[in-house]
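>>> Okay, sequence plus prediction incoming.
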Amino acid sequence: MYDNSDRNSQKYEGAQKSMTEEFYFTKIFSDRENERIDKLLRRRYPLIRLSVLQSFIRSGKVFVDGKRVKDGAFRIQIGQEVLLKVAGNEEEIMRRYGRSAPEHIPLDIELDVIYEDKEIIAFNKPAGLSVQPGTNVSNKSLYNALLGRMEEFFFVHRLDKYTSGVIIVSKTHESAKKLSELFSSHDIEKKYITLVKGLVKDKLDIKTPLDGKNAFTRVEPLEFYSGCTLLSVQIFTGRKHQIRRHLAMNGTPVIGDEIYGDSDANEQFKKAYDLNGYFLHCSEVSFIHPVKHLEVKIKAPLDVERQKIIKKLRKEG
């Protein structure tokens with residue numbers, strides 16, 4: 001719940017001016033719809049015990065859009081600004097509250113920059129690289145790769161670990177909030193390439209609801225191979241694992257998908273083509289720039305591994 005008292009409802013700008021160097025102050029922009037505040041903090045700080053994060057909330061160290069929140073079950077929306085104010089710097093906080101796991105440290109991971117300006121930067125994320133570290137994820141992530149390289153950065157959307165392609169990172173608070181709002185309102189056009197089991201002959205709109213919410217996926221065949229189809233996919237909503245779930249419901253699961261796919265087909269394909277993970281790639285993202293107000297179209301080519309697979313499939317007919 002919000003604490004709306006005059007003493008506690010000050011905007012973060014005012015709070016920031018009153019703070020001294022003994023406080024660690026960080027901003028997080030929500031990139032998930034209707035997420036609990038304690039869950040968001042757990043994703044941002046996976047190496048801090050949940051009980052500690054909950055105590056931060058209860059003791060009034062967490063603000064949402066400038067208002068103090070003391071309930072871990074408080075639901076936040078995409079684009080809302082979450083602020084954490086804790087005594088000590090980040091290194092001291094991790095030493096004091098962190099679990100016995102690798103710390104959030106900068107890692108030298110090669111990154112493919114496909115777009116950059118003063119407000120945003122975009123990468124062609126490889127399959128197998130997580131965006132952020134988590135409970136079941138090593139600290140080899142895009143987050144760790146950016147630590148030490150950028151003074152501050154904000155993730156405004158996400159790609160699953162084995163989904164490759166365009167990932168956009170904001171460099172400023174202003175652009176982060178505006179981009180998060182664009183993703184929330186689905187005013188960003190996202191296109192994917194995927195390889196699925198079976199034959200998809202024609203363009204197809206899949207509108208089966210997911211988790212009780214509307215979901216809209218459009219697929220169009222690009223190439224046909226023996227036993228599988230290369231598809232162009234566009235999504236108009238942003239449900240969890242939307243493409244993978246919709247294609248599985250259609251009877252044409254994504255090749256390599258261990259959750260929604262065909263385990264026998266996956267095993268056979270891995271042996272024949274040495275595919276790591278599943279075959280799903282975000283090939284293009286288009287949007288109106290949050291500051292320049294001009295259209296931006298960011299494209300990411302398939303990685304070498306998946307290009308080799310396509311070439312081999314073409315040769316086999």
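Everything's here; your move. The shown structure was predicted, so the numbers you read here are calculated from the model rather than taken from an experiment.

>>> Burial check on residue 83, number of neighbours?
When counting by other Cβ atoms under 10 Å, one arrives at 19 neighbours for residue 83. Yep, even glycine has a C-beta here, placed from its N, CA and C like the rest.

>>> Please tell me how far the closest residue to residue 148 other than its chain neighbours sits from residue 273.
Excluding its sequence neighbours, the residue lying closest to residue 148 (Cβ to Cβ, 6 or more residues apart in numbering) is residue 106, at 3.2 Å. Residue 106 is 34 Å from residue 273, where distance means Cβ to Cβ, to the nearest Å.

>>> now do residue 248
20 Å.

>>> same thing with residue 227?
Distance from residue 227 to residue 273, by Cβ to Cβ: 12 Å.

>>> The two: which has the busier surroundings?
A direct count of neighbours by other Cβ under 10 Å for residue 227 and residue 273 places residue 273 higher, at 18 against 13.

>>> Next, the more buried one: phi, psi?
Backbone torsions of residue 273, given as degrees, to the nearest 10, read phi -130, psi 0.

>>> Just the buried residues of the one helix or strand residue 124 maps to, please?
Using DSSP states H and E, residue 124 sits in strand 120-125. Residues of strand 120-125 classed as buried: 120, 121, 122, 123, 124, 125 (neighbour count, 16 or more other Cβ atoms under 10 Å).

>>> pLDDT on that strand, on average?
Strand 120-125 shows a mean pLDDT of 98 in the predicted model.

>>> which helices and strands sit right next to the helix or strand just after it?
Next in sequence after strand 120-125, counting helices and strands by DSSP H and E, comes helix 142-146. Using 3 or more Cβ pairs under 8 Å, 6 or more residues apart in numbering; DSSP states H and E as the contact test, the elements touching helix 142-146 are strand 164-170.

>>> May I have the helix or strand following the strand it packs on exported as PDB, CA atoms only?
Going down the chain from strand 164-170, the next helix or strand is helix 173-184, by DSSP H and E. Provided in PDB are the C-alpha atoms of helix 173-184 (Å, rounded to 0.1, in the frame of the first residue of the first chain):
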ATOM      1  CA  HIS A 173      15.800   7.900 -16.600                       C
ATOM      2  CA  GLU A 174      13.700   9.900 -19.100                       C
ATOM      3  CA  SER A 175      14.000   7.600 -22.000                       C
ATOM      4  CA  ALA A 176      13.600   4.500 -19.700                       C
ATOM      5  CA  LYS A 177      10.200   5.700 -18.500                       C
ATOM      6  CA  LYS A 178       9.000   6.700 -21.900                       C
ATOM      7  CA  LEU A 179      10.200   3.400 -23.600                       C
ATOM      8  CA  SER A 180       8.600   1.400 -20.800                       C
ATOM      9  CA  GLU A 181       5.300   3.100 -21.500                       C
ATOM     10  CA  LEU A 182       5.600   2.300 -25.200                       C
ATOM     11  CA  PHE A 183       6.200  -1.400 -24.400                       C
ATOM     12  CA  SER A 184       3.200  -1.300 -22.000                       C
END
